[in-house]
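Trainee: Return a 3D structure for these sequence lines:
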Amino acid sequence: MNEDELRDLFGQVGPVSSVNVIRYNDSGRSKGFGFVEMENEEDAKKAIDTLNGQDFKGRKLVVSEARPPRERNEGGDFRQ
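Mentor: The predicted structure follows:
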């Protein structure tokens, strides 16, 4: 899925402020997730309720509110 497809999909729920598909630096291929910012919180909640679990191009969407990244220790492992 690319940015335009995400924008179009979420745009069916409400106005979209920004879209960012996360990609691998070396290949430019999608990592399989991204971030969509809606113009208001009400539409963001509606997008989660409407799109989470829906099928898009044969893949089940997981739509949730973004969480802060987990902290890494020096060895690269994630801390719980």
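Trainee: quick one: secondary structure of the nearest residue to residue 2 once chain neighbours are set aside?
Mentor: Once flanking residues are discounted, residue 2 sits nearest to residue 21: 6.3 Å by Cβ to Cβ, 6 or more residues apart in numbering. Just so you know, the C-beta spots here come from the backbone N, C-alpha and C atoms, and that holds for glycine as well. Here residue 21 is recorded as strand under DSSP: H, G, I helix; E, B strand; the rest coil.
Trainee: again with residue 26
Mentor: Once three-state DSSP is applied, residue 26 turns out coil.
Trainee: gap between it and residue 65?
Mentor: For residue 26, the distance to residue 65 equals 30 Å [Cβ to Cβ, to the nearest Å].
Trainee: Can you give the contact residues for stretch 59-69?
Mentor: By Cβ atoms under 8 Å, 6 or more residues apart in numbering, the list of residues contacting stretch 59-69 from outside reads 35, 44, 47-48, 51-55.
Trainee: Closest to residue 11 out of the residues you listed?
Mentor: Nearest to residue 11 out of the contacts of stretch 59-69 is residue 47 (Cβ to Cβ; 9.7 Å).
Trainee: who touches that closest one in this structure?
Mentor: By Cβ under 8 Å, 6+ apart, the neighbours of residue 47 are 10, 13-14, 36, 38, 63.
Trainee: from those residues, which two are the most distant?
Mentor: Using Cβ to Cβ, the contacts of residue 47 reach their maximum pairwise distance at 14 and 63, which is 13.1 Å.
Trainee: What pLDDT does the model give residue 20?
Mentor: Listed pLDDT for residue 20 reads 96.
Trainee: May I see the buried residues of the strand or helix carrying residue 7?
Mentor: Residue 7 is part of helix 3-11 when elements are defined by DSSP states H and E. By neighbour count on 16 or more other Cβ atoms under 10 Å, the buried set for helix 3-11 is 6, 9-10.
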